[in-house]
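[1] Take a look and give me a structure for this.
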Amino acid sequence: MPDQGGADDNQGAAIKLLSQRGIYRLFSEIDPTFLNAPKLSKADAEQFKYIFLKNIGNKATLNKGEVVQENFYKVAKLTYPAQPKSTYSVFCFDSIFLSINKLIARIKANREKSEQ
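    Down below sits the predicted model:
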């Protein structure tokens, strides 16, 4: 896994400080590309900026910043489940095959009854 390189600090505290002090707002006024917005009309760009600045200091963003390193280590430990045994897939196929055969048998029986 790649190393995050010095991200051991609490990023939530930094986000909260920058948000409360208006630093994000200042950066967005100095350089509009700071928000990394897609190409939008002027009205939509203003709305995007408003939503970005409103949400940057919310509880979810702050929580994410506080637990990002912990979550990174948890994800690094994840593994894929083992492949199912081949008998499982054979069993599923057999069950489907038997169900189809029963259905075909019922259809044939109903046809024979209706023909009589």
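[2] And the residue nearest the centre of the chain, how far from residue 41?
    Nearest to the mean C-alpha position of the chain, counting by Cα atoms, centre = their mean, stands residue 75 at 13.2 Å. Noted for residue 75: a distance of 38 Å to residue 41, by Cβ to Cβ, to the nearest Å. Every C-beta, even on glycine, is put in place using the N, C-alpha and C of the backbone.
[3] where does the chain have its least confident helix or strand?
    helix 86-115 (a mean of 70; mean pLDDT, DSSP states H and E).
[4] related to what we said a few turns ago, quick one: the residue nearest to the centre of the chain and residue 69, what's the gap?
    Counting by Cβ to Cβ - residue 75 and residue 69 are separated by 11 Å.
[5] same question, residue 55
    For residue 55 relative to residue 69 (Cβ to Cβ), the value is 22 Å.
[6] now residue 20
    Distance from residue 20 to residue 69, by Cβ to Cβ: 22 Å.
[7] Can you pick out the residue with more neighbours from the two?
    Shown here are residue 20 and residue 69; by other Cβ atoms under 10 Å, residue 69 has more neighbours (15 against 10).
[8] Now do the strand or helix carrying residue 47: which elements does it pack against?
    According to DSSP states H and E, residue 47 maps onto helix 42-55. With contacts defined as 3 or more Cβ pairs under 8 Å, 6 or more residues apart in numbering; DSSP states H and E, the packing partners of helix 42-55 are helix 23-30.
[9] and the helix it packs on with helix 42-55, angle?
    160 degrees (axes from the mean of the first three to the mean of the last three Cα atoms, to 10 degrees).
[10] buried sites along helix 23-30?
    24, 28 (16 or more other Cβ atoms under 10 Å).
[11] That one packs against which elements?
    Secondary-structure packing of helix 23-30 (3+ Cβ pairs under 8 Å, 6+ apart): helix 42-55.
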